[in-house]
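>>> all I have is the shape, not the residue letters:
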């Protein structure tokens, strides 16, 4: 089983120790990045991911991609589409990731990818990747317990379905399954960059992912790991989690 590793948070190269993937056949993606703004650099970073995902699907495999943030899901979906698969999105996250450039008070890029997949600010990344945006009813947002006011306002009037981890109602067709590891309660997942308490347990998230994988409808799996470099016993938890998710 191959795992495509993009060891970056946005355009920042992360240390290899951030991704404990021992025992798995890892294909790293580490292209040279051009000068330019962060969106130009991220687009250049994602182009080989798009190609690799499409190549694996064309070869009969289900891509498994690991990276340092949720933006990578846009590249994975573009690669799925390039291979001719019209996938819906199931998005596990403690946050909404449905900001636009205008609605975000922090300007954090990782808070925008799902909204871009749904058609906002497409010139920044989707258009550069050849990503065809999805209608809102093709996206399911799982958990999202920590929303900014602008995100809550958008979701309240949108057709995006929200579900708890133990009762995920899947959209039609093939699926891109995206998992931000911060969906797990912060008390069980050490070292997160954006920890949120009051969430589902480790076991509940893994069980939910396994149920979705068992449908046979997952076209690609994308795992985002927005965590700090490991300290103490962090590696043990992270190694177990990545193995559980990637082999679900």
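Arrived safely, thanks for sending. Because the structure is a prediction, the values reported are computed rather than measured.

>>> can you give me the strands in the protein?
2-6, 8-9, 12-13, 25-28, 64-67, 88-95, 139-146, 161-163, 175-180, 218-224 (DSSP state E).

>>> the fifth one pairs with which strands?
What that stands for is strand 64-67. strand 2-6 (parallel), strand 218-224 (parallel) (DSSP bridges).

>>> and residue 146, which of the ones you listed is closest to it?
Closest to residue 146 of the strands paired with strand 64-67 is strand 218-224 (C-beta to C-beta; 15.1 Å). All C-beta spots, glycine's among them, are computed from the backbone N, C-alpha and C.

>>> outside of the closest one, which residues touch it?
53, 57, 62-70, 72-73, 76-77, 79-80, 85, 87, 174-181, 212-213, 242, 245-246, 248 (C-beta atoms under 8 Å, 6 or more residues apart in numbering).

>>> buried subset of the residues you listed?
The neighbour count (16 or more other C-beta atoms under 10 Å) marks 53, 57, 62-70, 72-73, 76-77, 79-80, 85, 87, 174-181, 212-213, 242, 245-246, 248 as buried among the contacts of strand 218-224.

>>> next up, phi/psi of residue 68, please.
With angles defined as degrees, to the nearest 10, residue 68 sits at phi -100, psi 0.

>>> mind listing what the nearest residue to residue 72 once chain neighbours are set aside touches?
Nearest non-adjacent residue to residue 72, counting by C-beta to C-beta, 6 or more residues apart in numbering: residue 6, 5.6 Å away. With contact taken as C-beta under 8 Å, 6+ apart, residue 6 is in contact with 28-29, 45-46, 49, 65-68, 72.

>>> equivalent analysis for residue 7, please.
13-16, 18-19, 28, 30, 67-68.

>>> change it to 10 Å
With contact set as C-beta atoms under 10 Å, 6 or more residues apart in numbering, residue 7 has these partners: 13-19, 26, 28-30, 66-68, 225.

>>> for the chain, give me the ranges with low pLDDT.
Within the chain, no range satisfies pLDDT under 70.

>>> re earlier: ChimeraX command for the buried members of the contacts of residue 7?
Here the buried members of the contacts of residue 7 are turned into a ChimeraX selection, burial being counted by 16+ other C-beta under 10 Å:
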select :14,18,19,29,66,67,68,225
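
>>> with the contacts of residue 7 in mind, which one is nearest to residue 232?
residue 17 (12.8 Å).

>>> tell me the contacts of that closest one?
Per C-beta under 10 Å, 6+ apart, neighbours of residue 17: 7, 229-230, 234-235, 238.

>>> residue 213 too?
By C-beta under 10 Å, 6+ apart, the neighbours of residue 213 are 62, 175, 177, 221, 245, 247-248.

>>> now do 6 Å
residue 248 (C-beta atoms under 6 Å, 6 or more residues apart in numbering).

>>> residue 221 versus that one, what's the distance?
According to C-beta to C-beta, to the nearest Å, residue 213 stands 8 Å off from residue 221.

>>> need the residues that contact stretch 104-121.
10, 69-71, 73-74, 91, 97-101, 125-126, 133-134, 136.

>>> so how far does it reach from one end to the other?
In stretch 104-121, first residue to last residue: 12 Å (C-alpha to C-alpha, to the nearest Å).

>>> and what of stretch 215-228?
Stretch 215-228: ends 33 Å apart by C-alpha to C-alpha.

>>> got it, and stretch 145-163?
10 Å.

>>> which parts of it are buried?
Residues of stretch 145-163 classed as buried: 145-148, 150-151, 154-155, 158, 160-163 (neighbour count, 16+ other C-beta under 10 Å).

>>> quick check: longest helix of this structure.
As assigned by DSSP state H, the longest helix anywhere in the chain is helix 38-58.

>>> could you pull out the helices in this protein for me?
38-58, 72-82, 113-117, 126-129, 149-157, 202-213, 234-246.
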